[in-house]
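A.B. asks: next one to model:
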Amino acid sequence: MRIDVHTHIVPEGWEDWTARFGGERWPRLVRHDACRATLMTGAQFFRDIDDRSWSPERRIEDMDRLGIDRQALSPPPVMLCYWADARATAAFARMQNDNVAAIAARHPTRFVGMATVPLQDCDRAVKELRHCRERLGLRAVEIGSCPAGRDFDDPALFPFFEACAELDVAIFVHPATPLIGQERLTRYYFPLIVGNPLETALAASKLIYGGVLERLPRLRVCFAHGGGAFPFTLARLDHGWRVRPEGPAAIPRPPREYAQRLYFDSLTSSAANLKFLVEQFGADHVVIGSDYPFDMGSADPVGAVGEAGLPAAAREQVEGGTAIRFLGL
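C.D. replies: Below you'll find the predicted structure:
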């Protein structure tokens, strides 16, 4: 079974959240026809999308063509809305969670849903997480890399990570605003091209140095885009831990020991980088990720895995075996 863990979906439409809750940055969908729409943030253009972003039937056509048996469905980062009042974001998350749960229920062999939660308010986030796990049957949650400006070593976020471990909910981390160095990434589409990999490296490093994995050994966390720059930063993290006092003061073991427990998707944009990722962390910690249906993703995620020239057993794990274990399927 081939499982794509990194795909994004939005509902076919939703009410005007600005009119209901106030605030000028709420995502809204402007439909042009049955197949085309524009995703706006308030009055600002964000992205033109098509029916691949909301139609399960359209997605299944592509999945069959690409050799993907199952997709994990998560919101694009713009839909996380950590900037807003937590009560409003909780309602926005519930609307999205109901949508992905309904699609997964209608197509149980083709889709698995990921939750989203109002992580600017940890208590509300845990409440929504519990609802998604116990009432909707969702086994994973997507979170941004720096929710509401908090890094993963912030003690305010620890109860959420603790709840994920307790409820056996896997975490999929996607870079999202705010991004590291954002003020210097205003041109050339650099927020996504350069900012996302740097942001992911920082998020993974903070998760490790913050002791989250030390305290929660059963926590399952996957980072998008092959971990961004993190796999290439890990050796330096280890070196710093050995030669500087700050490292052992934060965590009792070298960073690599914790990093070996993380998961990463295959979206490295390079066969050589994917091979390096598998060599560093093992095929049992790498899953297919395409970023479907967006242009910075992989148009042929199964083919991209094949180009890495992995041994047959390793390729089988990356294509599906690891995702089954990560998602708790």
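
A.B. asks: for the stretch 1-150 of the chain, which segments are assigned as helices?
C.D. replies: Counting by DSSP state H, counting those that start in this stretch, the stretch 1-150 of the chain has helices at residues 17-21, 56-66, 86-106, 122-134.

A.B. asks: so which bits of the third one are buried?
C.D. replies: When neighbours are counted by 16 or more other Cβ atoms under 10 Å, the buried residues of helix 86-106 are found to be 86, 88-94, 96-97, 99-101, 103-104. All C-beta atoms are positioned from the backbone trio N, CA, C, and that covers glycine.

A.B. asks: do the same with stretch 202-212
C.D. replies: Of all the residues in stretch 202-212, those buried under the rule 16+ other Cβ under 10 Å are Leu202, Ala203, Ala204, Ser205, Lys206, Leu207, Ile208, Tyr209, Gly210, Val212.

A.B. asks: kindly provide the whole-number mean pLDDT of it.
C.D. replies: For stretch 202-212, mean pLDDT rounds to 98.

A.B. asks: which residues are contacting it?
C.D. replies: 145-146, 151-154, 158, 161, 173, 175, 180, 213, 219, 221, 223, 227-228, 230, 233, 237, 247, 250-251, 255, 258-259, 262 (Cβ atoms under 8 Å, 6 or more residues apart in numbering).

A.B. asks: related to what we said a few turns ago, which of the buried residues of stretch 202-212 sits closest to Val194?
C.D. replies: Leu202 (13.0 Å; Cβ to Cβ).

A.B. asks: which strand or helix spans that closest one?
C.D. replies: Assigned by DSSP states H and E, Leu202 falls within helix 196-209.

A.B. asks: how far is the following helix or strand past that helix from where the chain is centred?
C.D. replies: Next in sequence after helix 196-209, counting helices and strands by DSSP H and E, comes helix 212-215. Relative to its parent chain, helix 212-215 has a centroid offset of 20 Å by Cα atoms, centre = their mean, to the nearest Å.

A.B. asks: next one: stretch 316-329
C.D. replies: Mean-position distance between stretch 316-329 and its chain equals 16 Å (Cα atoms, centre = their mean).

A.B. asks: which residue ranges of the stretch 151-300 of the chain form strands?
C.D. replies: 170-174, 221-223, 263-265, 286-287 (DSSP state E, counting those that start in this stretch).

A.B. asks: identify whichever of these lies nearest to Leu274.
C.D. replies: Comparing the strands of the stretch 151-300 of the chain by Cβ to Cβ, strand 286-287 comes nearest, at 7.8 Å.

A.B. asks: sheet-wise, list the partners of that closest one with their directions.
C.D. replies: Note on strand 286-287: by DSSP bridges, its sheet partners are strand 263-265 (parallel).

A.B. asks: remind me which residues of the stretch 151-300 of the chain are low pLDDT?
C.D. replies: For the stretch 151-300 of the chain, no stretch is flagged by pLDDT under 70.

A.B. asks: how about the helices in it?
C.D. replies: So, for the stretch 151-300 of the chain - with DSSP H, counting those that start in this stretch - the helices run 158-167, 190, 196-209, 212-215, 230-243, 246-250, 255-259, 271-281.

A.B. asks: what's the angle between the helix holding Leu202 and helix 158-167?
C.D. replies: 80 degrees (axes from the mean of the first three to the mean of the last three Cα atoms, to 10 degrees).

A.B. asks: extract the CA atoms of helix 196-209 and return them as CSV.
C.D. replies: Output of helix 196-209 as CSV, limited to C-alpha atoms (Å, rounded to 0.1, in the frame of the first residue of the first chain):
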residue,chain,number,x,y,z
ASN,A,196,10.3,26.8,4.9
PRO,A,197,13.4,24.6,5.1
LEU,A,198,15.0,27.0,7.6
GLU,A,199,11.9,27.2,9.7
THR,A,200,11.6,23.4,9.9
ALA,A,201,15.2,23.0,10.9
LEU,A,202,14.6,25.4,13.8
ALA,A,203,11.4,23.7,14.9
ALA,A,204,12.9,20.2,15.0
SER,A,205,15.9,21.5,16.9
LYS,A,206,13.7,23.3,19.4
LEU,A,207,11.7,20.2,19.9
ILE,A,208,14.8,18.2,20.7
TYR,A,209,16.6,20.8,22.8
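
A.B. asks: before we move on, the earlier item: pick the most deeply packed of the helices of the stretch 151-300 of the chain.
C.D. replies: helix 196-209 (a mean of 24; mean count of other Cβ atoms under 10 Å).

A.B. asks: quick one, that one and helix 230-243 angle?
C.D. replies: 40 degrees.

A.B. asks: hey, what's the angle from helix 196-209 to strand 170-174? Just curious.
C.D. replies: Orientation of helix 196-209 against strand 170-174 (the same axes, to 10 degrees) gives an angle of 140 degrees.

A.B. asks: contacts only, for the nearest residue to Ala34 once chain neighbours are set aside.
C.D. replies: Distances taken as Cβ to Cβ, 6 or more residues apart in numbering put Asp51 closest to Ala34, at 6.9 Å, once the chain neighbours are dropped. Contacts for Asp51 (Cβ under 8 Å, 6+ apart) come out as Ala34, Cys35, Arg36, Arg58.

A.B. asks: how about the last one: what's its closest non-neighbour residue?
C.D. replies: Just to be clear, that refers to Arg58. Nearest non-adjacent residue to Arg58 (Cβ to Cβ, 6+ apart): Asp51, at 4.7 Å.
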